[in-house]
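Trainee: One predicted model, sequence on top.
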Amino acid sequence: MTYALITFADPASGESLTGLETGGRVLPLTAENLALPGSIPVSIETIIEHWDTAEPQLDRLAGEAGQAGTAAAGWLDFAELKVLVPLRPQQILQAGANYRKHVIDLAVAHRDGGGTDEEIRERTAEIMDKRAAEGTPYFFIGLPTAMASATEDLILPASGKSHDWELEVAAVIGSRAFRVSPEEALDHVFGYTMVNDITTREFVFRKDMPAIGSDWFRAKNAPGFLPTGPLVLPAKFVEDPQDLKVTLRLNGETMQDESTSDMIFTVAQLVSHASQQMPLLPGDLILTGSPAGNGAHWGRLLRDGDVMEGEITGLGTQLVRCKDEVAQ
């Protein structure tokens, strides 16, 4: 039976708990029902660390729930829980310009060279095909302090005006990976979660220092700019990470609707390339890039009162409301 892991607030005490989610019900996890030493605090991070022991217990618990019905004692209704940030990675790597259609749309929007729209699309498509065959991914570093839960309000900082959405898949590293090949890379992925990589567009390029280029630190790391979760889905339940649907709706209108098959570099390639430069550690996140359809494409950026609803195959639903900082 398919199951996922979540972190949530105890309805009685507010304490942070880790749960097994299946069929819309959640079982709080303890060292006892995971067969872990009693002194180990249970979190998604410790489950990753002790996966060899925890996995058969989770399989058993999910199987028992399927046989007896998840209304059994101890199970909670997922819809009634306050979800929290699922885990706190030591490192977050973000891949940019990793969806073919997205890059082509951007080239047209920014008139990257002369010619008609169709000529720009054809020229950019050729560049992306060559990049996929001969190039390497483009990474930058995110900060864990920007993370928020899948249902927290997003406060739009008054310091900027062009806040944008970028819903994407993130791979959760399960074991230390350093200089691994693409063929080995997915063996180091514990699972997958959903993130919305919020960006303040006007901060991306430094006008005072154009030679330096992009300023991802300022553009992407405000508090709450990385809604994450609600679920972490173990990799064994994802048959093909290149066959997931990414959908974001803004106030009910579909803005992003793309398959991960449009990635220029696959999840395996991203993990492998990232590991050539630095050791990837258990619990780290590798963000895989945003598909086409962000606000810059539509000419419609985030504003007070907006509601973003994000869905990715098997990874649950995010529901994030936007509020202007000045209105707080």
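Mentor: Thanks, I have it. Numbering: from 1, shown residues only.

Trainee: Contact partners for residue 37?
Mentor: residue 31 (CB atoms under 8 Å, 6 or more residues apart in numbering). C-beta: built from backbone N, CA, C; applies to glycine.

Trainee: SS state for it?
Mentor: Following DSSP: H, G, I helix; E, B strand; the rest coil, residue 37 is assigned to coil.

Trainee: Please report the distance of it from residue 51.
Mentor: Distance of residue 37 to residue 51, computed by CB to CB, to the nearest Å: 15 Å.

Trainee: How about residue 274?
Mentor: Taken as CB to CB, the span from residue 274 to residue 51 is 21 Å.

Trainee: Equivalent analysis for residue 192, please.
Mentor: 15 Å.

Trainee: which one of residue 274 and residue 51 has more residues nearby?
Mentor: residue 274 (23 against 17; other CB atoms under 10 Å).

Trainee: Looks like that one contacts residue 280 (just checking).
Mentor: Yes: if you go by CB atoms under 8 Å, residue 274 and residue 280 touch, sitting 6.1 Å apart.

Trainee: quick one: common contacting residues for the two?
Mentor: 93, 286.

Trainee: give me the element the most centrally placed residue in the chain is part of.
Mentor: Centrality entry for the chain: nearest residue to the mean C-alpha point is residue 195, 2.8 Å, by CA atoms, centre = their mean. Assigned by DSSP states H and E, residue 195 falls within strand 189-196.

Trainee: Over to residue 18?
Mentor: strand 16-22.

Trainee: now what about that strand, what contacts it?
Mentor: So strand 16-22 is in contact with 1-10, 26-29, 42-44, 47, 58, 61-62, 65-66, 70, 76, 78, 81, 84, 231, going by CB under 8 Å, 6+ apart.

Trainee: Next, the buried residues of that strand.
Mentor: Residues of strand 16-22 classed as buried: 17-22 (neighbour count, 16 or more other CB atoms under 10 Å).

Trainee: do the same with stretch 261-268
Mentor: Those would be 262-268, for stretch 261-268 by 16+ other CB under 10 Å.

Trainee: Same question for stretch 138-148.
Mentor: With burial defined by 16+ other CB under 10 Å, the residues of stretch 138-148 counted as buried are 138-140, 142, 144, 146-148.
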